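Engineer: sharing a sequence plus its predicted fold:
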Amino acid sequence: MSRRKAREYAFKVLFQVDQVAAEPDQALNYLLQESNLAEKDIIFSQELIQETMRNFNKIDKIIASYASDWAIDRMPAVDRNIMRLAAGEILFLESVDSIIVIDEAIEIAKKYGGESSSAYINAILDRLAGDQK
């Protein structure tokens, strides 16, 4: 559950960067002010944010290639940032079980997304992960 919370924080930071051009470190520090997240989970959240931001353009191109009906900028902001985070973790972090990453993304989508967000995110990420095998 603590890894999910770390992923949730990373999602919130990416969302803020996307919506208001927030500075990632400041956004994370703000979220952590009222948090009891363990140090190892803070480090994990930072890694997720850094790898996603470092590979932002690659990730968007990859997501767009699987989302043929939607341009990235037309997707709901919640959905695209959950997918960015999960894709970044699957593609650029070592020792990652893509099934767990997808399940976590679906749970975050259920909490923050729209009615069809989890199914849409699952479909895109499942195809992406399948192609990585």
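Structural biologist: Happy to help now that I have it.

Engineer: regarding this structure, what is its longest helix?
Structural biologist: helix 2-20 (DSSP state H).

Engineer: so for that helix, mean pLDDT?
Structural biologist: Regarding helix 2-20, the rounded mean pLDDT is 96.

Engineer: I'd like the numbering to begin with 35 instead of 1 from here.
Structural biologist: Fine by me, first position is 35 from now on; the one you just mentioned is helix 36-54.

Engineer: what does that helix contact?
Structural biologist: Helix 36-54 is contacted from outside by 56-58, 61-62, 65-66, 69, 71-72, 75-76, 78-79, 82-83, 86-87, 111-112, 114-116, 118-119, 123, 138-139, 141-142, 145-146, using C-beta atoms under 8 Å, 6 or more residues apart in numbering. The way it works is simple: take the backbone N, C-alpha and C, and place the C-beta from them, glycine included.

Engineer: are any of the residues you listed buried, and if so which?
Structural biologist: Neighbour counting over these (16 or more other C-beta atoms under 10 Å) leaves 56, 58, 61-62, 65, 71, 75-76, 78-79, 82-83, 86, 112, 114-116, 118-119, 123, 138-139, 142, 146 as the buried ones.
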